[in-house]
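>>> what's the 3D shape of this:
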Amino acid sequence: MLTVCIKAEHLKLKRSFIWIAFFLLPLIPALMGSQNYLNNLGVLSAEWYSLWTQESLFYSNFFFAPMIAIYCGYLWRVENFGHNRNALLTYPVPVRNIFLGKMAAAFSVSILTQVWMFFLFLVTGKAVGLTGLPPAPIFFWMLRGTLAALAITALQTLLAMVIRSFALPVGLSAVGSILGLVAVNSQKAFLYPYSLLILGMNANRDKDMVDSGILFFASSLFYLILFAFLGIWILKKSDVKA
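The predicted structure is shown next:
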């Protein structure tokens, strides 16, 4: 039944406007980061690592979380109009599958976003004259950032469900990203969901900033379970009221 819900959500994504954001928005951090790299070659001498510091600075801190919010908001867009939420809750499927189906569909696009961003990283790397392939740690940081993105997807799916506005959850994700940038330099960075995305991607660093991988993975898993549980619980309460 969950598979059916995921497929239904994927159908919504076909020919939707989110693909414009998907393709165009990552171009901005890729181009800005590579230009910064070229402008500071005297200081940035670690080649692929240096390029990563510049592109991840913009992408992880300002773009990725709002893009996830766009995906989640779009998947709730129809149900947030009028009485469509009540109609949704009359479907003969478990409420948890409705929420998890939307979350899974949004996360699948988030994974594709990571793949697209990494492709742009490779292309811009070659364009600025870097040789070979990116070092293995950068691949790992991308994978780790994808895990953090799963927790953010759960959070944004929850916000998009509770706040029946497309723009407001996206705006909150942008504010959350900025606050995450502030919190990431504190000892409590693992307690703030948006900081996990920055930590996972090792944004603007050429050395791994995550001292405890266990703490990072545990925190990401905790927030994933917490936000998914809250989302399902709130939706069930809505089902009772409907």
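>>> Does anything pack onto the helix ranked longest in the chain? Which helices or strands?
In the chain, taking DSSP state H as the definition, the longest helix is helix 95-127. Here helix 95-127 touches helix 2-13, helix 18-24, helix 27-39, helix 48-58, helix 64-77, helix 84-89, helix 136-162, helix 213-241, going by 3 or more C-beta pairs under 8 Å, 6 or more residues apart in numbering; DSSP states H and E. Yep, even glycine has a C-beta here, placed from its N, CA and C like the rest.
>>> let's see it at 6 Å
helix 2-13, helix 27-39, helix 64-77, helix 136-162, helix 213-241 (3 or more C-beta pairs under 6 Å, 6 or more residues apart in numbering; DSSP states H and E).
>>> Can you check what angle separates it from helix 2-13?
With axes from the mean of the first three to the mean of the last three C-alpha atoms, to 10 degrees as the basis, helix 95-127 and helix 2-13 are set at 50 degrees to each other.
>>> How far off centre is the helix or strand of the chain with the lowest mean pLDDT?
Sorted by mean pLDDT, DSSP states H and E, the helices and strands of the chain end with helix 84-89, the least confident at a mean of 74. Taking the mean of its C-alpha atoms, helix 84-89 sits 27 Å from the chain's own mean (C-alpha atoms, centre = their mean, to the nearest Å).
>>> related to what we said a few turns ago, got the helices and strands packed on helix 95-127 as a markdown table, with mean pLDDT columns?
Conversion of those to a markdown table gives the following (pLDDT from 0 to 100):
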| stretch | mean pLDDT |
| --- | --- |
| helix 2-13 | 90 |
| helix 27-39 | 96 |
| helix 64-77 | 96 |
| helix 136-162 | 96 |
| helix 213-241 | 89 |
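>>> Among the ones you listed, which comes closest to Ala106?
helix 64-77 (4.3 Å; C-beta to C-beta).
>>> relative to helix 48-58, how tilted is the closest one?
Relative orientation of helix 64-77 and helix 48-58, computed by the same axes, to 10 degrees: 50 degrees.
>>> which other residues reach helix 64-77?
Counting by C-beta atoms under 6 Å, 6 or more residues apart in numbering, the neighbours of helix 64-77 from elsewhere in the structure are 9, 18, 21, 25, 102, 105-106, 109-110, 113, 152-153, 156-157, 160-161, 166, 169-170, 173-174, 177, 194, 197.
>>> Give the ChimeraX command for selecting the buried subset of those.
For selection in ChimeraX, the members of these meeting the burial criterion (16 or more other C-beta atoms under 10 Å) are listed in this command:
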select :9,18,21,25,102,105,106,109,110,113,152,153,156,157,160,161,166,169,170,173,174,177,194,197
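>>> rewinding a little: deepest of the helices and strands packed on helix 95-127, which one?
Most buried of those, by mean neighbour count (mean count of other C-beta atoms under 10 Å): helix 64-77, with a mean of 26.
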